[in-house]
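Enquirer: Got a sequence here, can you build the structure:
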Amino acid sequence: MSDSSFLGTGWSFPPAFDNADHELRLTSGVDNINRSIDLLMNTPKGSRSLMPGYGSDVASYLFRRIDASACAQISQSVQTTLLDYEPRIDVLAVDVVVSDDGATVELRIAYSIRQTNARHNHVIPFSVHEGTNLPGGR
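Expert: Down below sits the predicted model:
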């Protein structure tokens, strides 16, 4: 099936405008799903007053010790969040990968699109850096 209009089209986030014609940039297809997953994972649960359940709690693990138990909790939390708020996909796996120095955690989400059974992967990096020590910072 080559027509992916059922996957949806939405605003890019953060909202951006095209320099040439000053129109709002839109995302569609698989890119729209990936952007939706990014937005969902980076929105703290409870931060939207009209949708208090929307978002994830992965930020609550930011300064915690990330051991096998925490990785399993994060994986389960991400799977539940995607099940509740991204109805276009079936989650195949969520792998939590911690860097050797423990400063970065990647969420590797493998999913299939429900209507097409097309398989995709999406990686979301989370870093633990102090505001003054960010690469390229002032």
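
Enquirer: nearest residue to the most centrally placed residue in the chain other than its sequence neighbours?
Expert: Central residue of the chain (C-alpha atoms, centre = their mean): Asp38, 2.7 Å from the mean position. Using C-beta to C-beta, 6 or more residues apart in numbering and skipping residues adjacent in sequence, the residue nearest Asp38 is Ile124, 6.5 Å away. In short, each C-beta sits where N, CA and C put it, glycine included.

Enquirer: again, but for Ile74
Expert: Nearest to Ile74 is Val96, by C-beta to C-beta, 6+ apart, at 5.0 Å.

Enquirer: ok but that neighbour is inside a strand, no?
Expert: Yes - the assignment for Val96 is a strand, going by DSSP: H, G, I helix; E, B strand; the rest coil.

Enquirer: check contacts around it.
Expert: Going by C-beta atoms under 8 Å, 6 or more residues apart in numbering, Val96 touches Ile66, Cys71, Ile74, Ser75, Val105, Glu106, Leu107, Arg108.

Enquirer: Could you report the distance from the fifth one to Ala93?
Expert: In this structure, Val105 and Ala93 are separated by 16 Å, where distance is defined by C-beta to C-beta, to the nearest Å.

Enquirer: returning to that earlier point: are any of the contacts of Val96 buried, and if so which?
Expert: Ile66, Cys71, Ile74, Ser75, Val105, Leu107 (16 or more other C-beta atoms under 10 Å).

Enquirer: Out of those, the closest to Gly29 would be?
Expert: Leu107 (21.4 Å; C-beta to C-beta).

Enquirer: Would you confirm that that closest one contacts Ile124?
Expert: Yes - with contact defined as C-beta atoms under 8 Å, Leu107 reaches Ile124; the gap is 4.4 Å.
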